[in-house]
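> build me a model from this:
(one chain, ligands or ions: 1)
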Amino acid sequence: MKSSQADRLVSIAKEYLWPAFARDASFFGRPVSMVSSGEGRHIIDIFGNRLLDPNSCGGAVPLGFNLPELMEAVSAQMKKIMNTTPSLFVPTEPLPLLAEKIASISPGNLKYTIFGSNGTDANDAAIKIARHYWKIMGKGSKYKVIHRYPGDYHGMSLSTASASGHNFRRAPFEPLMAGFIAFHSPYCYRCPYRMTYPECDLYCAEEFRQVIEFEDPSTIACFIGESTNTGLGIVPPPPGYMKKIRQLCDEYEILMITDEVITGFGKTGFWFECEKEGFVPDMITMGKGISWGCGPLAGTHVKDDIAQVFTGPNVLQHGYTFGGMGYLAAAGLAGIEYVEKHNLLARATEIGEIMSRELGAIKEKSKVIGDVRVNGVLAGVEFVKDKTTKERFADRAAVADLVVKVGIDNGVLLPCSTWYGDIIMLMVQLTMTDEELSQVFTAIERAAAEVEKKFL
Ligand SMILES: Cc1ncc(COP(=O)(O)O)c(C=O)c1O
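Okay, the predicted model is just below:
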């Protein structure tokens, strides 16, 4: 695009557009503040910058941009019917096929999927299902939702903000909804109890029991949480933790919802992370990768015996005008087929091994990388001022700006969040090549060197 056209677009955007998380006009001065096109794992912005995106748009585009197989599936279905069906909630052909496929790749007796448009909806629906379920079962006093903090983000609506541990996305909207109770999420690098695994004997899960006992199990409908706490900076659970949460949910008759909006669809080397962790939740919530980033599709995937009670007068009063668009379900099916054909679950595991090795080596050499956490294609690289005390940098924004700048200088869009310290959050595509991975590692190594030079 000509630079005069790009400048005109920026001035129009400054005047009329309220971009997500960034009303600040200086936002438009940054590379990739406005995107022109995508190519494989690269984004090309309106200024002509071509950058590798190892965050795959927050994990929403796990097969990269413009994969021909996905584009063909979308356009074939769009040609049949491009919008929602005439009778609003009647599905088009690909939707039941995707529901069947999801049931076949999820563990245990998880079977039915109710579709929505984004991860927020999927979690909101799961909470509504849990509350309604207990009413149908004659236990209507069970309404509370137990969730975790910090991190463990579940969405933007008021109910999901109430169920999330991102305090900065809660405070401006208070008062939040009643009946949402939080306990600590595990974070072994900075254990909230100053304990060490395995001597801690998973005290972090034990806190869940204490909260249940204090709140009274006869008032609790569900637990909601991720396994790997992506919202905290890619923090996988300690071994056995999620199984223990499952046991406690069983013991106290609490429905267990796991949010796999990021971790689902292959990112941990399994279709769903719960399988890797060895437990079966009552509901899995899905978004992002369910349409492989082709558009707003999400799902709440529910155990057979739970879904079965929502019949007759107990119909679930829930559904969205655009929840479950056929062309996105077609993309969902095509993406799953692509992953199976190209053995990409195994590749996700292999990418995880490469990232553990290479990022681990960078951490050893660096004075400012305190922790590296890897789970399949997900990785968190945490910067600290002091590796012994784990003290964070005082000016997190300045460190993050430098990391992003060095990344861009090296052709990589390094996603450095400042929520809980400076943490690079990698969610690389299942299709990322070894060469592209090397480029990411080089950018991180150089960014760490610059941070060391400027801030130590
Ligand atoms: C773990 C998790 N759950 C839920 C959501 C909300 O998804 P959406 O933005 O599609 O509403 C997100 C979004 O980043 C997420 O990371």
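> before we move on, what SS does residue 201 have?
coil (DSSP: H, G, I helix; E, B strand; the rest coil).
> any idea how many residues pack against it?
Neighbourhood size, residue 201 [other CB atoms under 10 Å]: 12. C-betas here are computed from N, CA, C, even on glycine.
> distance of it from residue 238?
Using CB to CB, to the nearest Å, residue 201 is found at 10 Å from residue 238.
> same question, residue 232
On the measure of CB to CB, residue 232 and residue 238 end up 13 Å apart.
> compare those two (neighbour count), which wins?
Neighbour comparison, residue 232 and residue 238: the larger count goes to residue 232, with 28 against 18 (by other CB under 10 Å).
> the more buried one contacts residue 164, doesn't it?
No - Residue 232 lies out of contact with residue 164 (CB atoms under 8 Å); the separation is 11.0 Å.
> please enumerate the shared neighbours of these two.
Shared contacts of residue 232 and residue 164 (CB atoms under 8 Å, 6 or more residues apart in numbering): residue 152.
> lowest-pLDDT helix or strand in this structure?
helix 3-16 (a mean of 89; mean pLDDT, DSSP states H and E).
> mind listing what's buried along that helix?
Under the neighbour-count criterion of 16 or more other CB atoms under 10 Å, helix 3-16 has 9-10, 13 buried.
> repeat for stretch 166-173
166, 169-170.
> so what sits opposite whichever residue of the stretch 351-456 of the chain sits closest to the ligand in the bridge?
Per CB to the nearest ligand atom, residue 427 is where the stretch 351-456 of the chain lies closest to the ligand, at 9.5 Å. Bridge pairing for residue 427 (DSSP bridges) gives the partners residue 378.
> can you list the low-confidence ranges for the chain?
23, 25-26 (pLDDT under 70).
> where does it get nearest to the ligand, residue-wise?
Counting by CB to the nearest ligand atom, the chain gets nearest the ligand through residue 119, at 2.3 Å.
> I figured that residue hits residue 285, correct?
Yes - if you go by CB under 8 Å, residue 119 and residue 285 touch, sitting 6.7 Å apart.
> and those two? Which one has more around it.
Taking neighbours as other CB under 10 Å, residue 119 and residue 285 compare with residue 285 leading, 32 against 28.
> what's around the residue nearest to that one when sequence neighbours are not counted, how many residues?
Excluding its sequence neighbours, the residue lying closest to residue 285 (CB to CB, 6 or more residues apart in numbering) is residue 122, at 3.9 Å. The local packing of residue 122 (other CB under 10 Å) involves 33 other residues.
> where's residue 122, which helix or strand?
helix 119-136 (DSSP states H and E).
> run the chain-centre distance for that helix.
19 Å (CA atoms, centre = their mean, to the nearest Å).
> is the ligand contacted by the helix or strand just after that helix?
Moving toward the C-terminus from helix 119-136, the next helix or strand (DSSP H and E) is strand 144-149. No - if you take CB under 6 Å from any ligand atom as the test, strand 144-149 misses the ligand, and the best it gets is 11.6 Å.
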